[in-house]
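S.K.: Fold the stuff below for me.
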Amino acid sequence: MGDSLITVIAIFLAAILMFIFPLMSVSERSDDVSQLSVQTATTEFVDKVRTTGKLTLDDYDKFVQTITSTGNSFEVEMQAQILDENPGVKTTQAETTKIGENVYYNLYTSQLENILYNDSASNRLTLKEGDRFSVVVKNTNTTIAQILRNFLYRIAGNDTYQIAAQHAGIVTVNGTK
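M.R.: Next comes the predicted model:
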C-alpha cells in the first residue's frame, strides 16, 4: 500500500514537471512577446501623433489592428490635452507673450473616437505645438499564463491584467488640416 501511494505521488509530480511547467514557461514567453509588441506599437502610435500633430482615423485603426494581432483583446484609453489659448490672459503693452499659467482642456477616448468616426469631413483631430497626447493600453481577456498561474498559485482577482503599455508626450509641431 505504501509503495503504490509513493508511486502515484511520483507520477503526479512527474506529470507536473513534464507538462505544466513547460506549458507555463511557453505561455509566459508568449505574454512577454505580446507585451513587447503592444509597447512598441503604442510608442510608435503616440510618437507619430506627436511628430505630425494629427490623430487620424487610419493611424488609430492601424494601431488597434496591430495590438489585436497578438491574439488578445485590449482596452485603449487615449487622452489629448489641448492647450487653451485664452486671449483674456494678461499681457503687457510692450510684451506680446502671455503671462500666467498654461491651461489645458482634456479630450478623452470616447470624445476622440467621436471626432474620428463621426466627423466625415476630415476624420482627424488636428493638434498644435504644446498639446499633450497619451495612450494607455490594457488587455481585457485572460491569457493562458494567467489561467495557469491562477490554477497553480490560487491567485484570485479579475482586475489584474497581464499585458499593458502606456506612452505620452508633447506635440512638437502644428498639424495641418
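S.K.: Now find how far off-centre the one helix or strand residue 39 maps to is within its chain.
M.R.: Per DSSP states H and E: residue 39 is located in helix 21-52. Helix 21-52 has its average C-alpha position 9 Å from the chain's average C-alpha position, going by C-alpha atoms, centre = their mean, to the nearest Å.
S.K.: any idea which strand is longest in the protein?
M.R.: The longest strand of the chain (DSSP state E) is strand 74-84.
S.K.: buried stuff in it?
M.R.: Buried positions in strand 74-84, judged by neighbour count with 16 or more other C-beta atoms under 10 Å: 74, 76, 78-83. In short, each C-beta sits where N, CA and C put it, glycine included.
S.K.: what comes into contact with it?
M.R.: Residues outside strand 74-84 that contact it (C-beta atoms under 8 Å, 6 or more residues apart in numbering): 38, 55, 63-64, 67-68, 102-109, 112, 125, 127-128, 130-140, 163.
S.K.: Restricted to helices, list the residues you listed.
M.R.: Judged by DSSP state H, the subset of the contacts of strand 74-84 located in helices is 38, 63-64, 67-68, 109, 112.
S.K.: Contacts only, for residue 136.
M.R.: 76-77, 164-166.
S.K.: switch the cut-off to 10 Å
M.R.: Applying C-beta atoms under 10 Å, 6 or more residues apart in numbering to residue 136 gives the contacts 42, 75-79, 109, 164-168.
S.K.: could I get those as CSV with distance to residue 116?
M.R.: Output for these, formatted as CSV (distance: C-beta to C-beta, whole Å):
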residue, distance to residue 116
42, 17
75, 17
76, 12
77, 15
78, 10
79, 14
109, 10
164, 23
165, 20
166, 20
167, 19
168, 19
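S.K.: which pair in those spans the largest distance?
M.R.: Greatest spacing in the contacts of residue 136, by C-beta to C-beta: 75 and 168 (16.7 Å).
S.K.: and the helix holding residue 39, what does it pack onto?
M.R.: Here helix 21-52 touches strand 54-56, helix 57-68, strand 74-84, strand 124-126, strand 132-139, helix 144-153, strand 164-170, going by 3 or more C-beta pairs under 10 Å, 6 or more residues apart in numbering; DSSP states H and E.
S.K.: now the angle from the lowest-mean-pLDDT helix or strand in the chain to strand 132-139?
M.R.: Among the helical and strand segments of the chain, the one scoring lowest on mean pLDDT, DSSP states H and E is helix 144-153, with a mean of 80. Helix 144-153 runs at 50 degrees relative to strand 132-139, counting by axes from the mean of the first three to the mean of the last three C-alpha atoms, to 10 degrees.
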